[in-house]
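S.K.: Provided below for reference: sequence and predicted model.
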Amino acid sequence: VGEWPDPLLPNRPFTLPAKELQPLWLTVRVPVGATAGDYDGKLRVEVAGRTLEMAVKLHVFGFSLPVRQHLATPFGCDPGDLSRWYTGSSDYMTHLPPDVFTRWNRFLLDYRVTPTRVGQSYIREQRAADGTVAYDYSVADECVAAVADRLAPKSVDMASVGQFGWRGQNGASLTYVDGGAEGTARAARARWPRTDGWASLNRSLDGKRLAMKGCRAFTFHTRCPDDSMAGERVVAFVNDFPNRWVTTFTLGGAGWQQVRINLEQYHHNETGVPLDLAALSTVGDFQFVIDRKTRPIEYLMDQIVADCEGGDVLVDDFELVSEVAEVQRRVGAQLEHWREKGWFGLGHVYGWDEARPDEYEQVVAAYSKVLGGTPDAPIMQTYYTNPTPAALTGVVKIWCAITSVYNEQFLEQRRAAGDDVWLYV
C-alpha cells in the first residue's frame with residue numbers, strides 16, 4: 001500500500017527497497033457461526049526465493065455481526081463517477097457493466113457503508129411517440145436485489161424530488177411575472193447584480209433524454225425592460241461537473257427576441273471540444289452566468305425549448321404545472337415499484353438538495369404536490385445554512401444537517417417527535 005495505507009489494496013507482489021520497513025494490512029474474514037475461541041495459523045512471506053513464516057493468533061468472539069446494517073451510513077458511490085474512472089466516460093448506462101457497480105456496492109457494505117445510489121441507478125426511461133413514459137427496472141432491480149438483505153432501513157435513495165425551477169447564486173434571482181412570450185401566461189424575470197466576480201442561475205436538465213431525442217439546439221425568448229441593456233453578454237453553460245460546456249449570447253432590446261444556441265456552439269471549458277450528443281447524455285445542469293458587470297441588469301425569459309430531431313422537448317415554460325406533473329409521474333412510479341418489490345422500508349426520498357431559507361415556501365409546496373399520494377415516503381432533507389429550519393417541520397422526516405450548522409436542541413426535538421437525524425460533511 002506504500003507509505004500511506006489508504007486505500008487498502010488486494011494482496012499482490014510488491015517491491016521493497018533494502019533497509020526499509022513496509023507495514024502489511026491483513027483482512028481475516030470469520031464465517032458466520034464460527035466457534036468462539038483462539039485459532040492459530042501461519043503467515044507466509046516469499047522474498048528473493050526464500051520463504052519466511054511467522055505465527056498468527058486470532059481470537060474469535062462468541063457473537064456474529066448481523067447481515068443487515070441497522071445504522072444508515074449513506075455514501076454516494078455514483079456509477080457515473082465509476083464509469084468515468086474506468087472508461088473516461090460518465091455514461092455508465094453504456095460503458096459500466098452493472099456487475100462492476102454491484103461489486104463496489106458489496107465492497108462498501110463489507111465495511112458497513114451504505115451504497116445509497118443503488119436505488120436509482122440503471123433505470124431506463126422509455127418514451128413513446130405520443131409522449132407516454134414507461135420505466136424498465138430490470139437491471140436496476142438486479143443491482144438492488146444483490147444487496148437488499150444487507151441494507152439498513154431508510155438508507156437508500158429510492159427516488160429524488162430534485163429542485164423545482166431555478167436556483168440563484170451570488171445575488172442572482174429569478175421570479176415569475178404575468179405575460180410571457182408567444183402569448184403564454186407567465187415568464188421569468190432574471191435579475192443580476194453589479195459584480196466584480198460572477199453570479200449564476202441554474203436548473204436541472206435531463207441531458208440523457210435530449211440526447212436520445214437527437215437534440216440540435218436550445219431556443220428561448222428574452223426581453224429587456226428597455227433598449228439600454230441591449231448587447232449585454234450572458235454566458236450559458238451545460239454541466240456534468242467537473243465537465244462544463246460553455247457559450248455566450250447577447251441580449252436584444254425591449255421587444256421579445258428569440259435566441260438560438262446550436263449544440264456545437266457549446267465548447268468544453270478546458271479542452272475546447274464541441275458538445276455532441278454523447279457528452280450531452282451525461283449533462284444534468286443548465287446554467288446562465290454573468291461576470292464583471294458594472295451595473296445591475298435584468299431581462300424577461302420564456303419558453304426554453306430543446307430543438308430535437310425526434311420533436312421539440314420543453315425545458316422550461318415557467319408555468320411549473322408541466323414540471324410538477326413530470327416529477328410526480330417519475331417519483332410516483334419509482335415509489336410504487338419499490339413498494340411492489342418489498343423494498344419500500346429500505347429507502348427514502350431525496351429532497352430539494354441543500355434548501356435555503358428563501359426556498360422553504362416553494363420546497364414545502366413541491367413536497368406536498370409531488371408526494372401527496374405517498375405520505376408515508378420519508379423525505380430526507382439536506383441543509384447547510386439555517387441551523388433551525390422549523391418551516392419544514394411536519395414535512396421532512398429525515399433531517400440531514402451539515403456538521404457546521406448542527407443545532408442539538410432543534411434536532412433533539414425532531415428526534416423526540418419520531419424523526420431521524422443524520423449529519424453530512
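M.R.: Ah, there it is.
S.K.: what lines up beside the helix or strand harbouring Asp302 in the sheet?
M.R.: Following DSSP states H and E, one finds Asp302 within strand 297-308. Strands that pair with strand 297-308, judged by DSSP bridges, come out as strand 186-192 (antiparallel), strand 215-223 (antiparallel), strand 313-316 (antiparallel).
S.K.: now what about it, what contacts it?
M.R.: Here strand 297-308 makes contact (Cβ atoms under 8 Å, 6 or more residues apart in numbering) with 177, 180-182, 184, 186-192, 210, 213-225, 229, 232, 251, 256, 260, 286, 290, 312-318. The way it works is simple: take the backbone N, C-alpha and C, and place the C-beta from them, glycine included.
S.K.: distance of the residue nearest to Leu277 when sequence neighbours are not counted from Glu309?
M.R.: Spatial nearest neighbour of Leu277, excluding adjacent residues (Cβ to Cβ, 6 or more residues apart in numbering): Ala211 at 4.5 Å. From Ala211 over to Glu309 the distance is 11 Å, taken as Cβ to Cβ, to the nearest Å.
S.K.: Counting neighbours around each, name which of the two comes out higher.
M.R.: Neighbour comparison, Ala211 and Glu309: the larger count goes to Ala211, with 21 against 9 (by other Cβ atoms under 10 Å).
S.K.: which stretches of the stretch 201-350 of the chain aren't confidently modelled?
M.R.: 320, 322 (pLDDT under 70).
S.K.: for it, what spans make up the strands?
M.R.: 215-223, 233-240, 243-250, 257-262, 267-268, 285-293, 297-308, 313-316, 347-350 (DSSP state E, counting those that start in this stretch).
S.K.: Okay, buried residues for the fourth one please.
M.R.: Buried positions in strand 257-262, judged by neighbour count with 16 or more other Cβ atoms under 10 Å: Gln257, Val259, Ile261.
S.K.: got it, and the second one?
M.R.: Along strand 233-240, these residues count as buried under the neighbour rule (16+ other Cβ under 10 Å): Val234, Ala236, Phe237, Val238, Asn239, Asp240.
S.K.: circling back to that earlier point, with mean neighbour count and distance to Glu412 added, can I get the strands paired with strand 297-308 in TSV?
M.R.: Putting the strands paired with strand 297-308 into TSV (neighbours: other Cβ atoms under 10 Å; distance: least, Cβ to Cβ, whole Å) gives the following:
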stretch	mean neighbour count	distance to Glu412
strand 186-192	20	40
strand 215-223	20	47
strand 313-316	18	41
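S.K.: want to throw those strands into JSON lines with distance to Arg330?
M.R.: Below are these laid out as JSON lines (distance: least, Cβ to Cβ, whole Å):
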{"stretch": "strand 186-192", "distance to Arg330": "23"}
{"stretch": "strand 215-223", "distance to Arg330": "20"}
{"stretch": "strand 313-316", "distance to Arg330": "15"}
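S.K.: Any idea which of those strands gets closest to His268?
M.R.: strand 215-223 (16.8 Å; Cβ to Cβ).
S.K.: doesn't Phe286 make contact with Ser204?
M.R.: Yes: Ser204 is within contact range of Phe286, at 7.4 Å (criterion: Cβ atoms under 8 Å).
S.K.: There's contact between Thr219 and Asn262 in this structure, I believe.
M.R.: No: if you go by Cβ under 8 Å, Thr219 and Asn262 don't touch, sitting 9.9 Å apart.
S.K.: can you dump the C-alpha coordinates of the longest helix seen in the chain into CSV?
M.R.: The helix spanning the most residues in the chain, taking DSSP state H as the definition, is helix 321-341. The C-alpha trace of helix 321-341 is given here as CSV (Å, rounded to 0.1, in the frame of the first residue of the first chain):
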residue,chain,number,x,y,z
VAL,A,321,-47.5,22.9,-14.0
SER,A,322,-45.8,20.7,-16.5
GLU,A,323,-42.7,20.4,-14.4
VAL,A,324,-44.6,19.3,-11.3
ALA,A,325,-46.5,16.8,-13.3
GLU,A,326,-43.3,15.3,-14.7
VAL,A,327,-41.7,14.9,-11.3
GLN,A,328,-45.0,13.5,-9.8
ARG,A,329,-45.0,10.8,-12.5
ARG,A,330,-41.4,9.9,-12.1
VAL,A,331,-41.3,9.8,-8.3
GLY,A,332,-44.7,8.1,-8.0
ALA,A,333,-43.7,5.3,-10.4
GLN,A,334,-40.4,4.7,-8.6
LEU,A,335,-42.1,4.6,-5.1
GLU,A,336,-44.8,2.3,-6.3
HIS,A,337,-42.2,-0.1,-7.8
TRP,A,338,-40.2,-0.2,-4.6
ARG,A,339,-43.3,-1.0,-2.6
GLU,A,340,-44.2,-3.8,-5.0
LYS,A,341,-40.7,-5.3,-4.7
